[in-house]
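Novice: Sequence first, predicted coordinates after that:
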Amino acid sequence: DAGVTQSPTHLIKTRGQHVTLRCSPISGHKSVSWYQQVLGQGPQFIFQYYEKEERGRGNFPDRFSARQFPNYSSELNVNALLLGDSALYLCASSRTVLVTQYFGPGTRLLVL
Amino acid sequence: DAKTTQPTSMDCAEGRAANLPCNHSTISGNEYVYWYRQIHSQGPQYIIHGLKNNETNEMASLIITEDRKSSTLILPHATLRDTAVYYCIVRVANKDQGGSEKLVFGKGTKLTVNP
């Protein structure tokens, strides 16, 4: 079975632009979570979605938003990019909430 | 915010057991201990989790102390491919948001398996 897939794998943007990152969960998984990992740190929780509804939000500014589609795939949007948004963005899926999350390979975003 | 404490780095000889400790002294009764690992620039890989009892799967064993304040991840026969950062996580459940959860990662333990 295919694991969690994310696109694109790499992305370069300039300050002030916006970006959309995409995630397809493992087949049968209805929950998607997003994490940000800056260099040298562990991943930090951004959002969790389940059945298209937001179930959790981390300590990130309103420039970060997300949504989940009827097929359970998800998008993470970041507006007005800052240099500090440069990071590996990870998507994790799980069957429901409160169960094991499985991570995708991530999207590496570089903001210049 | 991480509720766990792990050594920054550890070394292990190839073929020997790697024992990675983790302290989680403030763990609540209904919180699970999860272990993930992350090989350079890849997404974290799930290894194992447990609540009270020791657990074993094809990748590793998890030993949780009786008071649940600490645990040890055991890789029985470490290989060079086990070189990675290992994260011990207490799964936080946000019951106020309908049972959502977040994984709170610390900095983990950098395990280096030497030939």
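Specialist: Everything's here; your move.
Novice: And for the nearest residue to residue A:73 once chain neighbours are set aside, the neighbour number?
Specialist: Leaving aside its chain neighbours, residue A:73 sits nearest to residue A:24 (4.8 Å; criterion: C-beta to C-beta, 6 or more residues apart in numbering or on different chains). Every C-beta, even on glycine, is put in place using the N, C-alpha and C of the backbone. Residues near residue A:24, counting by other C-beta atoms under 10 Å in any protein chain shown, number 21.
Novice: Phi and psi next, for residue A:77.
Specialist: The phi and psi values for residue A:77, taken as degrees, to the nearest 10, are phi -110, psi 140.
Novice: Distance of the spatially closest residue to it that is not a sequence neighbour relative to residue A:33?
Specialist: If the residues on either side of it in the chain are set aside, residue A:77 comes closest to residue A:65, at 4.8 Å by C-beta to C-beta, 6+ apart. Distance of residue A:65 to residue A:33, given as C-beta to C-beta, to the nearest Å: 15 Å.
Novice: Those two: who's more crowded?
Specialist: residue A:33 (30 against 15).
Novice: least trustworthy helix or strand in the chain by mean pLDDT?
Specialist: With no chain named, the answer covers chain A. For chain A, the helix or strand with the lowest mean confidence is strand A:53-57, at a mean of 91 (criterion: mean pLDDT, DSSP states H and E).
Novice: You answered for a different chain; I wanted chain B.
Specialist: Ranked by mean pLDDT, DSSP H and E, the helix or strand of chain B with the weakest confidence is strand B:100-103, at a mean of 78.
Novice: Extract the C-alpha set from stretch B:17-30 and format it as PDB.
Specialist: This file holds the C-alpha atoms of stretch B:17-30, laid out as PDB (Å, rounded to 0.1, in the frame of the first residue of the first chain):
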ATOM      1  CA  ALA B  17      21.800  -3.900  21.000                       C
ATOM      2  CA  ALA B  18      21.100  -0.200  21.200                       C
ATOM      3  CA  ASN B  19      19.300   0.900  24.300                       C
ATOM      4  CA  LEU B  20      17.800   4.400  24.100                       C
ATOM      5  CA  PRO B  21      16.400   5.800  27.400                       C
ATOM      6  CA  CYS B  22      13.700   8.300  27.800                       C
ATOM      7  CA  ASN B  23      12.300  10.100  30.900                       C
ATOM      8  CA  HIS B  24       8.700  11.100  31.100                       C
ATOM      9  CA  SER B  25       8.100  11.800  34.800                       C
ATOM     10  CA  THR B  26       4.900  13.800  34.300                       C
ATOM     11  CA  ILE B  27       3.100  11.300  32.100                       C
ATOM     12  CA  SER B  28      -0.600  10.900  32.800                       C
ATOM     13  CA  GLY B  29      -2.300   7.600  33.200                       C
ATOM     14  CA  ASN B  30      -4.000   7.700  29.800                       C
END
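Novice: No further queries at this time; thank you.
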